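Trainee: Here's a sequence, model it:
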Amino acid sequence: MKKLFSLLAILIIGLSARSQKDSLPAPPYLRFPTVPPLKLLAIDSVTYFTKDNLKKNRPVLIMIFNPGCEHCQHETKAITENIDKFKKIQIVMTTPEPFGKMKDFYKEYKLKDFPNITMGRDEHFTLPSFYYIHNLPFLALYDKKQKLISVHEGSFPIEKILKEFNK
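Mentor: Take a look at the predicted model:
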């Protein structure tokens, strides 16, 4: 009888726990589907890049990366190799990693050669918590009115990125 009562109690507790609603609110990027407030330490280590620096009426690709992440390196290489397809898209690359690592990454991939790519350090770790990031690279795509199109965690093929922008 004790076993039956214990089994019944476990079953009831399990069902009640399963019926609980998720207590976590939606991620900020879903509640506020526009380009988030940016304050990124620019590659010159003196100025800050903010949302106000974005060019008007141009789509935006925000890429959050880690300089040591192989997937991030491959995504960056794929973007730079196809930069002609991104001419009308402003690309903002950001990392919370130390400034020196970011700057080395910037030099290694010769990102100064691409006028539509801006890089900056997210010193206050604002964007990972805004997007609830679990995997890198993280891509957030915004239309020319700075409205969210989609987000993607992990590597995402160039063709699919471009297709998202052309919807």
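Trainee: Please name the nearest non-neighbouring residue to the residue nearest the centre of the chain.
Mentor: When CA atoms, centre = their mean is applied to the chain, the residue found nearest the centroid is Phe138 (3.6 Å). Spatially, and ignoring its direct neighbours in sequence, Phe138 is nearest to Ile64 (4.2 Å; CB to CB, 6 or more residues apart in numbering). Where C-beta positions appear, they are placed from N, C-alpha and C, glycine not excepted.
Trainee: how far away is the residue nearest to the centre of the chain from Lys160?
Mentor: As judged by CB to CB, to the nearest Å, Phe138 and Lys160 stand 15 Å apart.
Trainee: Please list all residues in contact with the residue nearest to the centre of the chain.
Mentor: By CB atoms under 8 Å, 6 or more residues apart in numbering, Phe138 lies in contact with 63-65, 128, 131, 151-153.
Trainee: Pass me the low-pLDDT residue ranges in the chain, would you?
Mentor: Low-confidence segments of the chain (pLDDT under 70): 1-23.
Trainee: Where do the helices of it begin and end?
Mentor: All helices of the chain, identified by DSSP state H, fall at 2-18, 28-31, 70-81, 99-108, 126-131, 158-165.
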